[in-house]
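Participant: Sequence and predicted structure are below.
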Number of protein chains: 2
Amino acid sequence: MSGDRAAAGFSGLFADLVRCETRLYNALGDRLRERHGIVTSQYEFLSYLRDHPGCRVADLAAEFAIGVGATSKGVDRLEKLGWAARRPNPADRRSSLLALTDDGARLVAEAERTFTDGLAELLGGTLDDPALTALARALATLRTALERDRVGTPTG
Amino acid sequence: MSGDRAAAGFSGLFADLVRCETRLYNALGDRLRERHGIVTSQYEFLSYLRDHPGCRVADLAAEFAIGVGATSKGVDRLEKLGWAARRPNPADRRSSLLALTDDGARLVAEAERTFTDGLAELLGGTLDDPALTALARALATLRTALERDRVGTPTG
DNA sequence: GTACACTATATGCCGTGGAATATACATTGA
DNA sequence: TCAATGTATATTCCACGGCATATAGTGTAC
C-alpha cells in the first residue's frame, strides 16, 4: 500500500521531470536559434568544448549520455560551421582532440548570456530560493548516482 | 555578483535536469523494450490514453509539448500495432476520439509494473524521502507554471 | 446560405539520433 | 615481430520529430 503510493508518486515525478525538461529545452532553443542560430544541444556541445579543450568524442558522448555515432556527427556539423576543430591526437591516432575555434569561442560567450538570462527568467520567477536549492541538490545527487552506476548509458 | 552566481547555479541545475532525464528515459526504455517491445514514449502515450479515453490528438500533443504532426504519426503507429484506435468524433468530424484497444489496455497494465518498479529502483535507492518530496514538489510547481505560460510549446 | 476566417488533423521533406557495422589504430602476449 | 584482441571513431541504415503545407470541417458575419 505504502509501496504503491510511493510508486505512483515516482511516476508523477518522472512525468513532471520529463515535461519540465522538454519545455525548458524547447524554450531555450527558441531563444538561442533566434539570436544566435544554434539550438540547445549545440550550445551544450560548445560549452563543454570550451570547458574541456582537448577532449575526445567519447568524452562528449559520456557527458551527454548519447551514442558516439551521434556525437561524431554532431562534431562534424560544428566543424563544418567553423565553430569547432579536430586536431590530431599525438598520443593516440585513432582519436582527435577537440577544441573551439575563435569563432566558436565568441559564439558561446555571446550565447551564454541569452542562455543564462533565459533560464533565470524561466526558473527564477516560479520557484523561490529554498525550492530552487532543494531542486538543485536533489538533481545533483541523482545525477551523480546515475552516472556512477552507468544508468541509461547508450550502447555505442 | 549574486546574480551571476545565481545564473551559474541555474545552468548547473539545467544540466543536471537534462542529464537525469536522459539517463532515466534511456534506462526505462531499455527495460520496457526488453520486456514489452515498447519504448518510454510509447508507454507514456498508452498511459495517457488509458487515463483519458476519448481524448484527441491535440490533447496528447499539449500534454507532451510535442507537435501535432509528430503526435498524429505516433498514434498511427500505435494503431497499426493494434494498441490504440481512432473512433469518429460525433461532435466534430475533423478530429477522432482516441482510446486503447483491449490489447493496448493489457499491454499498459503489464508495462506499468516494470515502469514503476524500475523507477522505484532507480530513484528510491539514491534519494531519501525528504529529498524526493522536495524534488517532486519543485518539479510539480515548475511544470504547472511552464504549462500555464505555454513555455516551450512547439509550433504545430 | 455563402464567403471567409479559423481549427484539427494528416502528410511530405528534412535533420537528427540509435544501433549495427566498418576501419584504423593500439595493446597484449607469445 | 606478429597474431589476436580490444578500442576510438566514422559511416550506414532506419525510425522519429519539427516544421511547413495540404485537406477537410467548423463557425461567423453579413
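Facilitator: Great, that's in hand. Numbering: from 1, shown residues only, chains lettered A, B, ... in the order given.
Participant: So the closest residue to A:T101 other than its chain neighbours: helix, strand or coil?
Facilitator: Sequence neighbours aside, A:A85 is the residue nearest to A:T101 in space, at 5.5 Å (criterion: C-beta to C-beta, 6 or more residues apart in numbering or on different chains). Bear in mind the C-beta positions are built from the backbone N, C-alpha and C, glycine included. Here A:A85 is recorded as strand under DSSP: H, G, I helix; E, B strand; the rest coil.
Participant: Which residues are in contact with A:A85?
Facilitator: By C-beta atoms under 8 Å, 6 or more residues apart in numbering or on different chains, A:A85 lies in contact with A:79, A:98-101.
Participant: Which of those residues fall in strands?
Facilitator: Within the contacts of A:A85, residues falling in strands by DSSP state E are A:98-100.
Participant: ok so, going back, for the residue nearest to A:T101, list each beta-bridge partner.
Facilitator: Using DSSP bridges, the bridge partners assigned to A:A85 are A:A99.
Participant: ok so, going back, select from the contacts of A:A85 the one having the most neighbours.
Facilitator: A:L98 (24 neighbours; other C-beta atoms under 10 Å in any protein chain shown).
Participant: Tell me how far that one lies from B:T133.
Facilitator: 41 Å (C-beta to C-beta, to the nearest Å).
Participant: ok, longest helix in chain A?
Facilitator: helix A:2-36 (DSSP state H).
Participant: Figure out how far it is from the centre of its chain.
Facilitator: Relative to its chain's centre, helix A:2-36 lies at 14 Å (C-alpha atoms, centre = their mean, to the nearest Å).
Participant: Whether it contacts DNA strand C - can you check?
Facilitator: No: counting by C-beta under 7 Å from any atom of the strand, DNA strand C has no neighbours in helix A:2-36; the shortest distance is 10.8 Å.
Participant: related to what we said a few turns ago, so how far is DNA strand D from the residue nearest to A:T101?
Facilitator: 11 Å (C-beta to the nearest atom of the strand, to the nearest Å).
Participant: Over to A:P130?
Facilitator: From A:P130 to DNA strand D the distance is 33 Å (C-beta to the nearest atom of the strand).
Participant: For that residue, pull up the helix or strand it's in.
Facilitator: Here A:P130, judged by DSSP states H and E, is contained in helix A:129-148.
Participant: so what's A:A140 closest to, chain neighbours aside?
Facilitator: That would be B:D16: by C-beta to C-beta, 6+ apart, it lies 5.3 Å from A:A140.
Participant: Please verify my assumption that the one you found contacts A:R143.
Facilitator: Yes: counting by C-beta atoms under 8 Å, A:R143 is a contact partner of B:D16 at 4.6 Å.
Participant: check contacts around the residue most central in space within chain A.
Facilitator: In chain A, the centroid-proximal residue (C-alpha atoms, centre = their mean) is A:E44; its distance is 4.5 Å. When contacts are counted by C-beta under 8 Å, 6+ apart, A:E44 touches A:64, B:15, B:18.
Participant: Toward the C-terminus, what is the element adjacent to the worst-scoring helix or strand of chain A on mean pLDDT?
Facilitator: The helix or strand of chain A with the lowest confidence, counting by mean pLDDT, DSSP states H and E, is helix A:2-36 at a mean of 87. Per DSSP H and E, the first helix or strand lying C-terminal to helix A:2-36 is helix A:40-51.
Participant: Briefly note if that following helix comes near DNA strand C.
Facilitator: Yes: part of helix A:40-51 sits near DNA strand C under the criterion C-beta under 7 Å from any atom of the strand, namely A:S41.
Participant: mind listing what's buried in the helix or strand just after that helix?
Facilitator: Counting by DSSP H and E, the next helix or strand C-terminal to helix A:40-51 is helix A:57-64. Using 16 or more other C-beta atoms under 10 Å in any protein chain shown as the test for burial, helix A:57-64 gives A:57, A:59-64.
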